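In: the amino acid sequence is not available; the structure is as follows:
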Ligand code: FAD
Ligand code: NAD
């Protein structure tokens, strides 16, 4: 293996692998390094999104929605089913197959674009060099004209309620339950909390969602957030706003989560807890001393509007840098960087990154909210149309 490349991409999630593929398509000599390891010990490309995020969550959202509709909605349509039941193991098997197919697809796409895929750890050294450590611990120094950092993000831990991989889990853990928890506590009414809370609620769990803020989904239009809250509560999600978690005790009866709200100190006892209070950029052992790459106060790699770091020819994309932590945002940045490296034109319009929460109904928005437009002082008009208007077929 020659150790000189035009481009080395560290990380093969939705930001890194499209960058590597596009750079390969731009006729550059590219290596893409990734160390992702699944719970069964296997290595896979595709990052959080394909292995433990977007793809598995959407697979379970679909299975649980189909069950819910068959169980609770078909009768309204005059479709009679008796004895509708579900099998969590079969749902998990389908999900695992979808993940496996998708991640194998990335490996083929990289190969098709002529990218050298390296399984192991990448670390940026000073002078645009990369130390590659393979899965057996062998080290090699690679050089590249350009290095793209795309090491993504990891779940934020709640100090008062640390993950234990069994009763207190992160989103990946909550995607791998082998049985429906009778009582599920979700910390954080954000995107993950609502999607995974919906999955297990539809399958029969009693779900309590504790959200620290008084406002529900403040990043969406108030009108949309208010409507969504009504629907989700009707579906049985017990969403408690202004609930600040202070700790938990593991007892014979389950995990007793302690929180304070406007009424004072409260507790709720559950069988499992999913902590989904956001994610943080992942830079562990990514940057050797003296690279010159700067981090901001929250640990994100500092970049300009074109994803350039403070170091010439070192770029950073995806969840590792500012902006929404979304797969399509990272992908767009990765592709743009690969084009800029090749001397082509590229531009990301950060004002128009769409967001979707895949609950039922789905909650989606793009651009500024009404509240943001109002705060800007510009004149504006509101148009709204209830979906029930054109005839309710739901
Ligand atoms: P990642 O996907 O985190 O990939 C980074 C990769 O780099 C990983 O494979 C990691 O192992 C590897 N890596 C890190 N450091 C090194 C190193 N030093 N050397 C080698 N390899 C390294 N977004 C959406 O847009 N739509 C959704 O529906 C959606 N659903 C989600 C559901 C869940 C449960 C979660 C957790 C996230 C979801 N997201 C969704 C967010 C999405 O997964 C992320 O925005 C996206 O994965 C970020 O891509 P990335 O490439 O920046 O990082
Ligand atoms: P999030 O930022 O969407 O929501 C976290 C929530 O937790 C917020 O409402 C926050 O106020 C609350 N919170 C923070 N600290 C808390 C505390 N101590 N107690 C109670 N509540 C607390 O984060 P997430 O849901 O963990 O998702 C992480 C990222 O993954 C998001 O940036 C999201 O964009 C991405 N994601 C996207 C999708 C999608 O696009 N459909 C799906 C899942 C995840």
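Out: Yep, it's here. Bear in mind the structure is a predicted one, so any value in this text is a computation, not a measurement. Ligands and ions are numbered 1, 2, ... in the order given.

In: use CA for all of it now, contacts and neighbours both
Out: Will do.

In: distance of the spatially most central residue of the chain relative to residue 154?
Out: Central residue of the chain (CA atoms, centre = their mean): residue 53, 5.0 Å from the mean position. Using CA to CA, to the nearest Å, residue 53 is found at 11 Å from residue 154.

In: quick revisit: just the pLDDT for the residue lying closest to the residue nearest to the centre of the chain once chain neighbours are set aside.
Out: The spatially closest residue to residue 53, leaving aside those adjacent along the chain, is residue 172, at 7.1 Å (CA to CA, 6 or more residues apart in numbering). pLDDT for residue 172: 98.

In: could you say what helices and strands the helix or strand residue 172 falls within packs with?
Out: Take DSSP states H and E as the rule and residue 172 turns out to sit in helix 171-174. In terms of contacts (3 or more CA pairs under 8 Å, 6 or more residues apart in numbering; DSSP states H and E), helix 171-174 is packed against helix 191-202, strand 272-275.

In: right, and the helix or strand after the shortest one?
Out: Read that as strand 272-275. strand 279-281.

In: what is the rounded mean pLDDT of that following strand?
Out: In this model, strand 279-281 carries a mean pLDDT of 98.

In: could you list the buried residues of that strand?
Out: For strand 279-281, the neighbour count (16 or more other CA atoms under 10 Å) marks 280, 281 as buried.

In: contacting residues around the very next helix or strand once past that strand?
Out: Next in sequence after strand 279-281, counting helices and strands by DSSP H and E, comes strand 314-316. When contacts are defined by CA atoms under 8 Å, 6 or more residues apart in numbering, strand 314-316 is touched by residues 128, 146, 147, 148, 149, 150, 301, 303, 307, 308, 309, 337.

In: pick out the lowest-pLDDT one from those.
Out: By pLDDT, residue 128 ranks lowest within those, coming in at 89.

In: can I assume it is in contact with residue 143?
Out: Yes - between residue 128 and residue 143 there is a contact at 6.4 Å, judged by CA atoms under 8 Å.

In: tell me which parts of the stretch 201-350 of the chain are close to ligand 2?
Out: Contact residues, the stretch 201-350 of the chain versus ligand 2 (CA under 6 Å from any ligand atom): 210-213, 244-245, 276-279, 324-326.

In: give me the buried subset of these.
Out: Among those, those classed as buried by 16+ other CA under 10 Å are 210, 211, 212, 213, 244, 245, 276, 277, 278, 325, 326.

In: so which of those reach ligand 1?
Out: Within those, those near ligand 1 by CA under 6 Å from any ligand atom are 325, 326.

In: nearest to residue 200, of the buried ones among the residues of the stretch 201-350 of the chain next to ligand 2?
Out: Nearest to residue 200 among those: residue 276, at 14.6 Å, using CA to CA.

In: near the spatially closest residue to that closest one that is not a sequence neighbour, how many other residues are there?
Out: Spatial nearest neighbour of residue 276, excluding adjacent residues (CA to CA, 6+ apart): residue 188 at 5.3 Å. Using other CA atoms under 10 Å, residue 188 has 25 neighbouring residues.

In: list phi and psi for residue 188.
Out: When read as degrees, to the nearest 10, the backbone of residue 188 gives phi 110, psi 120.

In: again, but for residue 242
Out: The phi/psi pair for residue 242 (degrees, to the nearest 10) is phi 70, psi 30.
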